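In: 3D model of this:
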Amino acid sequence: MTLKLILPKIGCLSGVCEAVAEYKAAPSKFEINAVNKMIVAADTNYTEYFATTENDRLGVGLASGRVAHTVFWLVDGDKYIGTFDLRHELTPALEQVGGHIAYQIRPSEQHKGYASAGLKLCLQKALEMGIDKVLLTCEESNVASYTVIHKTMLEYSGCEIAPAFKNGVQNRRVWIYTQKQ
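Out: Numbers count the residues shown, from 1 in each chain. Predicted structure coming up:
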């Protein structure tokens with residue numbers, strides 16, 4: 001297994017198109033915005049998607065209240081596994097719900113350790129950007145995501161802080177250092 005995080009690129013599109021079909025067939029209550037944009041792009045074309053992800057990474061033309069963020073595709077060779085979205089900073093709203101990192105693994109690759117491995121790679125990317133610790137949040141009912149986050153928190157050090165509520169839904173919040181302490 002040669003997992004890595006890459007910027008979205010045309011060379012991986014065939015795998016992404018297969019994953020989009022999986023995402024459409026098994027929609028998730030916890031779908032992240034970056035995957036939503038991939039699904040929309042599959043119905044139009046990816047040219048605008050690639051331009052948007054690059055502008056978002058550079059912080060160009062962001063909507064009010066949005067922050068620069070980098071979308072990464074988790075790949076094994078050329079096989080698309082999932083998407084990680086790393087926000088470069090936090091707004092007060094993201095400090096409550098959203099945090100620095102959102103991720104989603106394609107349905108056929110879930111429960112194989114890819115979320116944990118990808119999160120560790122994303123922590124390295126955050127460290128390279130000068131981010132010493134990241135905030136991750138997930139809905140209380142998202143047990144799979146919390147398990148990954150909690151396990152990574154124990155390995156890299158960090159702490160769980162008071163939950164936040166959005167639209168009546170409780171969200172767990174965890175700070176994790178980007179390198180082992």
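In: Quick check: which helices or strands does the least confident helix or strand in the chain by mean pLDDT pack against?
Out: Using mean pLDDT, DSSP states H and E, helix 33-43 stands out as the lowest-scoring helix or strand of the chain, at a mean of 79. In terms of contacts (3 or more C-beta pairs under 8 Å, 6 or more residues apart in numbering; DSSP states H and E), helix 33-43 is packed against helix 13-25, helix 46-58, strand 79-87, strand 101-105. From N, CA and C alone the C-beta is placed, and that goes for glycine too.
In: quick one: buried residues of it?
Out: Within helix 33-43, the residues that qualify as buried are 34, 35, 37, 38, 41, 42, counting by 16 or more other C-beta atoms under 10 Å.
In: Wait, the third one touches residue 49, no?
Out: Yes. With contacts defined as C-beta atoms under 8 Å, residue 37 counts as touching residue 49 at a distance of 6.1 Å.
In: which other residues reach the least confident helix or strand of the chain?
Out: 16-17, 19-20, 23-24, 48-49, 52-53, 71, 83, 85, 102, 104 (C-beta atoms under 8 Å, 6 or more residues apart in numbering).
In: Let's see that with 7 Å instead.
Out: For helix 33-43, the surrounding residues in contact (C-beta atoms under 7 Å, 6 or more residues apart in numbering) are 16-17, 20, 23-24, 48-49, 52, 71, 83, 85, 102, 104.
In: hey, C-alpha coordinates of it in PDB?
Out: Output of helix 33-43 as PDB, limited to C-alpha atoms (Å, rounded to 0.1, in the frame of the first residue of the first chain):
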ATOM      1  CA  ASN A  33     -18.600  19.700   1.100                       C
ATOM      2  CA  ALA A  34     -15.500  18.700  -1.000                       C
ATOM      3  CA  VAL A  35     -17.200  15.400  -2.000                       C
ATOM      4  CA  ASN A  36     -20.400  17.200  -2.700                       C
ATOM      5  CA  LYS A  37     -18.500  19.400  -5.200                       C
ATOM      6  CA  MET A  38     -17.100  16.300  -6.900                       C
ATOM      7  CA  ILE A  39     -20.600  14.800  -7.300                       C
ATOM      8  CA  VAL A  40     -21.800  18.100  -8.900                       C
ATOM      9  CA  ALA A  41     -18.700  18.200 -11.200                       C
ATOM     10  CA  ALA A  42     -19.400  14.600 -12.400                       C
ATOM     11  CA  ASP A  43     -22.700  15.800 -13.700                       C
END
